[in-house]
Each structure stands twice: as structure tokens, then as C-alpha cells.
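Colleague: the following block contains a protein sequence and its predicted model.
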Amino acid sequence: MESVQKLIFELMERGILIEPSAFDFIKEHGIPVEKIYSLEIEEGVLTRKHLEPLVEEVRNEERVEVIRPVKRVKAEEYDFFVEVENRDTSNGNISQKGVELFVEMFKDRYEKIRDILMQRAELRNAVSIGKLKDIKGNGETAIIGVVREKTKTKNGNYILELEDTTGVVNVFLKDDATKLGDYVLEDEVIGLRGNYNGNFFYASNIVFPDVPLPTDINKVSDPVSAVFISDLHFGSKEFIVDIERRFLKWINDKDDKIASSVKYLFIAGDLVDGIGIYPEQEDDLVVKDIYKQYELLERFVEKIPEHIAIVLCPGNHDAVRSAEPQPPLPKELVPELYHLNNVFLATNPAYVRIHRKDGEKGILVLMYHGYSFTSLIDMITPIRKYGTTNPQYVMKEVLKKRHLAPAYGCIIQAPHEHDQLVIDKVPDIFHTGDLHSHCVDNYKGITLISSSTFQAQTSFMDRVGHVANPGKVTVVELNTREVRVLDFYN
Ligand SMILES: [Fe+2]
């Protein structure tokens, strides 16, 4: 009871007296003195009335203590495992490789997506376009090809020019296919069911490659979490220092149940605001030296606890080539990050497998900054109106099309003998950014996360139609796949 005596003296020093019954009440209910210090005692006398509300609070805390697991969840207790499957960025020099490499790349895209489409029951009997003339008028059939051109007739119907390696056919979309025509993009690979009359293929259904329905949801045994952020934009005048400060305070808080479970942090590009990304950008910068912008990023990363593995990829604001796939940040820009064992520099896009151990396959993350999204949202009319503030729509579209930039020209794609933007593996988590909006959704078992930003709305964003929703941080519990969104802004 030494602390109670101390309490009496301390309260007396503050001009507060303790009623004898209050003294007994403290002893009887074991009320911690720390709780009494926080009371507001305006009348100068501590009475039972002040103390009674504390009894329930103390009991509840005791109850929480009883049900608390013996071993607290602490990510430090587990090793991280990170396997970054970077894209090959060595063949990006267009002048050296010429147009042949583009032809190779489109052939590869066609073959990879055709193989995915062939697994669809509706397309198992698909014939090559060159063979259509042999089966003319013989009932319904299926074809697979690249959409070379899409036109809309005066009556609102779509006509496609579909091509495979054996030929080209004109397609008229009818019945169910008419509405789906709004979603078809030039250059994507699709399947069609319908009839051929020797002149036109009348398609009654369009089959997109899509991802299969999951048989189960992939999880890990260890109680660890992954955090997803992007579009930090260090160096911008609109960078919100408060979000950075609050985020760092949280992720370093060992008493925070969620923060102490964090084992992985993903940052999906636009790490800095960059230089010369758009006209008159200089007016929007507080740090005008690109190296100094990356120094701010380095200082940020260094403040993340070292037991957390950090995976970073570039975005269109970063100082690497803009053609996708983009290479990882080079040593020249972030020398300090190359010394940190917990930092993994990825290409954009990249597949990243985390926490594979003890016979478990871990969680596969598809990380893509998302620069194609603005153009795609504009091209796909049903999602045009709400697409930039609801990124889940365009994320679902690219998964259905199994390509991160299905329409040629929605990004600059570096030529390569393989089309490295094909979504050839089905991820557990699809993480993107760029739109500065935020969403969490689920599509056929895949957790969709479009990260928020650390930057407020800029005049440049006004011009491209983006609406900032800053400070949202997404946390996925890898052992339950439960998703939480924390708000470090409002
Ligand atoms: Fe951004």
C-alpha cells in the first residue's frame, strides 16, 4: 500500500484530500493509483463517487488479461521469407531490337492467353480461324483470337476483326455478346462462340480468359500480417508529413496488436514525386533534386523496424525508364537501401511470394503500380464514370483479361520475346496504386488492394481526373486473410 500512501501525499500537494471511505474503497477494489491520477477532481476532495466508475473498468481489464494468449503475437518471433520474381528488363532498347521483337511479344501474348482460354469448357472445341470456311453453316463453333479492330455500327452493334495465326475474320456481336462488347478492347485475346456463314462470324457469347474460381483460400500458419501502401510522392509540396509521422509511430508501436504482427510491407511505386513528369511540375515540388527526394525515401525506410521485410517497386513518377516492365530502383538512386537486408527492390510489375516455409506455399502477391488503369477506365465505357474512385472495377477487368495493359498504347510496353504483362499466374493478393484512391475488394478469392497515397490532391491530379483519398493503410492477416484498413489522415 506504499503507492496509496504516496498517492495521498501527491494529492495533498495538489490540494486534494481523500475521504476515509474513498481510501478504503481503493484498497477494497485494488484500483491502480495511475487511474486515480488521471481523474478530474474539481471539488478538492476525492470521494467514492469519483472511484465507482473505475471499478468496472478495472474488472474489464482483468478479464482481458485472463483471456490474453500466453504468447503475444510479435512478428519478431518469425523469420521473413521473400521471393521476388522480377521481370526481365534487359531487352527494352527498341532501336536495337526493332519491330520483330514486338511481333514476337504479341505472338507470345496470344499463345499464353489462348492456352488459358482453351481450358474453358465453352472453348474446348475451338477451331482456328483459317479452318472456319471448312465448317461453314455446320452449327455453333468457337474461335480464339486477338481483337485487331472494334467498330460500333449506327445501330449500336459491335463489329470486330479477330485474328489468329491462320487468318482474320469479321465478327458481328449479337445476343449476350452485344452488351459484353462494351468491355472488349482492341489488342486483347478473347474467345467467341457463334456461327460462321462464310462472310461473318455471328458471335452469341464472348469468353474472357478470367481467373478460375478458387478451391480454397490460401493462408499461412504463423500469425503475421502484410501492410500495403503506395504513391508516397516524397519531394512533393503536397506530401502530408503527418501521415508519414503517424504511420511510422504506429508501425514502431510494439504494444499495438496489429502493428506488432506486421512482417511484410509492400510499396507499389511513385516512391518520390520525380522531376519533369508533367509540365511545370517544378512549381509543385518542395525538393527539386531527384537524389534528395530518394534520400527522404531512404530515411523513411530506415525508420521501419528491421524485422519487417519491405518490397518496393517503381511507378511512373520514379526515375527509371517509363516503359513497362520498369526495372527496380538502381543503387545510384537509393544506395542506402542496398545495404539493408530487409529491403527487396522489385520490377514493376513483379510477382512476390512471401512467407513460404515449413511445407506451406506462402502467399503470392502480384504487385503492379497501375499506370495502365487511367486509360483502361476511359476505354471501358461501363466503368468510365466511377472507375478512378473505385479501382476495383478496373482491377477485375485486367484479371478477367489476364493482362495488366491489354490495349496497346495504354502504357509504353518495352518489347521482349515474352509478353511480361500477361497475368500468367493467379495471385492470392493483387496490389496496385497510381489512382491515389483506395479500395479493398475480393475477386474469386483474390484480395484486391488499390493503395492510397501520402500526398494530398494536386492540380496535376485534377487534370487527369484522379481524386486523392490519402492516408489509408491496408493490413492483411496472412493466417486468416482478414483485411483491415487503417486511416492515418482523418
Ligand atoms: Fe502516384
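Modeller: Sure, I can see it.

Colleague: hey, let's count contacts and neighbours off CA atoms from now on
Modeller: Will do.

Colleague: number of residues surrounding Thr166?
Modeller: Close neighbours of Thr166, defined as other Cα atoms under 10 Å, add up to 10.

Colleague: residue ranges for the strands of the stretch 201-350 of the chain, please.
Modeller: Secondary structure of the stretch 201-350 of the chain (DSSP state E, counting those that start in this stretch): strands at 225-229, 262-268, 309-313, 343-345, 350-354.

Colleague: pick the most buried one from those strands.
Modeller: Using mean count of other Cα atoms under 10 Å, the stretch among the strands of the stretch 201-350 of the chain with the largest mean neighbour count is strand 262-268, at a mean of 25.

Colleague: which residues touch that one?
Modeller: Strand 262-268 has contacts (Cα atoms under 8 Å, 6 or more residues apart in numbering) with 75-76, 80, 224-231, 251, 307-315, 367-369, 431-433, 451.

Colleague: ok, and what's touching the longest helix seen in the chain?
Modeller: Longest helix in the chain by number of residues (criterion: DSSP state H): helix 94-118. Helix 94-118 is contacted from outside by 91, 123-124, 126, 144-146, 164, 189-191, 207-209, 402, 414-419, 422, 424, using Cα under 8 Å, 6+ apart.

Colleague: with adjacent residues omitted, what lies nearest to the closest residue to the ion within the stretch 301-450 of the chain?
Modeller: Scanning the stretch 301-450 of the chain for proximity to the ion using Cα to the ion identifies Asp434 as nearest, at 4.5 Å. Nearest residue to Asp434, sequence neighbours excluded (Cα to Cα, 6 or more residues apart in numbering): Gly370, at 5.5 Å.

Colleague: picking up where we left off before, how about the strands of the stretch 201-350 of the chain in TSV, adding distance to the ion?
Modeller: Putting the strands of the stretch 201-350 of the chain into TSV (distance: least, Cα to the ion, whole Å) gives the following:
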stretch	distance to the ion
strand 225-229	11
strand 262-268	9
strand 309-313	12
strand 343-345	18
strand 350-354	18
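
Colleague: what's the closest of the ones you listed to Phe172?
Modeller: strand 350-354 (37.3 Å; Cα to Cα).

Colleague: that closest one pairs with which strands?
Modeller: In the sheet, strand 350-354 lines up against strand 82-86 (antiparallel), strand 363-368 (antiparallel) (DSSP bridges).

Colleague: just these: most buried one?
Modeller: Of all those, strand 363-368 has the most neighbours on average by mean count of other Cα under 10 Å, namely a mean of 23.

Colleague: show the subsequent helix or strand relative to it.
Modeller: Counting by DSSP states H and E, the next helix or strand C-terminal to strand 363-368 is helix 373-379.

Colleague: what comes up buried for that next one?
Modeller: For helix 373-379, burial by neighbour count (16 or more other Cα atoms under 10 Å) applies to 373-374, 376-377, 379.

Colleague: mind putting the residues you listed in a markdown table, pLDDT and distance to the ion included?
Modeller: Shown next, in a markdown table, are the buried residues of helix 373-379 (pLDDT from 0 to 100; distance: Cα to the ion, whole Å):
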| residue | pLDDT | distance to the ion |
| --- | --- | --- |
| Phe373 | 97 | 12 |
| Thr374 | 96 | 12 |
| Leu376 | 97 | 17 |
| Ile377 | 97 | 16 |
| Met379 | 96 | 21 |
